[in-house]
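A.B. asks: here is my input; please provide its structure:
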Amino acid sequence: MNHTGGNYVLGDVHTNTVEGFFAVFKRGVYGIYHQVSKKHLQRYLDEFSLRYNHRAEDNGAAFLTLLENCNGRLTYKGLIADDTA
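C.D. replies: Numbers count the residues shown, from 1 in each chain. Okay, here's the model as predicted:
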């Protein structure tokens with residue numbers, strides 16, 4: 001999209017969704033975590049994509065969705081493990 005040229009939508013292609021997601025992500029990082037590391041960036045993005053995709057649900061339904069998507073326990077040892085080795 002060429003926003004400076006006044007183009008915001010081309011058919012069903014637009015940037016509102018991704019801009020909205022990154023606004024929620026940025027507010028969450030600054031408000032909750034204050035900073036993120038490159039090592040765990042995917043985990044932060046996964047969390048906020050789940051939040052964004054279920055933003056229209058009430059809190060009870062969102063909580064159930066969260067529980068349904070938990071797939072195991074993340075231990076501290078697993079969290080700090082060097083994934084690059």
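A.B. asks: following the worst-scoring helix or strand of the chain on mean pLDDT, which helix or strand comes up?
C.D. replies: Between all helices and strands in the chain, the lowest mean by mean pLDDT, DSSP states H and E belongs to strand 13-14, at a mean of 72. Later in the chain than strand 13-14, the nearest helix or strand by DSSP states H and E is helix 16-28.
A.B. asks: which elements pack onto that next one?
C.D. replies: Under the contact criterion of 3 or more CB pairs under 8 Å, 6 or more residues apart in numbering; DSSP states H and E, helix 16-28 touches helix 41-53. Backbone N, C-alpha and C define where each C-beta goes, glycine included.
A.B. asks: partners of the least confident helix or strand of the chain, with directions?
C.D. replies: Next to strand 13-14 in the sheet, as set by DSSP bridges, lie strand 9-10 (antiparallel).
A.B. asks: find the nearest non-adjacent residue to Thr65, please.
C.D. replies: His54 (5.3 Å; CB to CB, 6 or more residues apart in numbering).
A.B. asks: hmm, who's touching stretch 12-29?
C.D. replies: For stretch 12-29, contacts defined as CB atoms under 8 Å, 6 or more residues apart in numbering pick out 1, 3, 8, 35-36, 44-45, 48-49, 51-52, 55.
A.B. asks: done for today, thanks.
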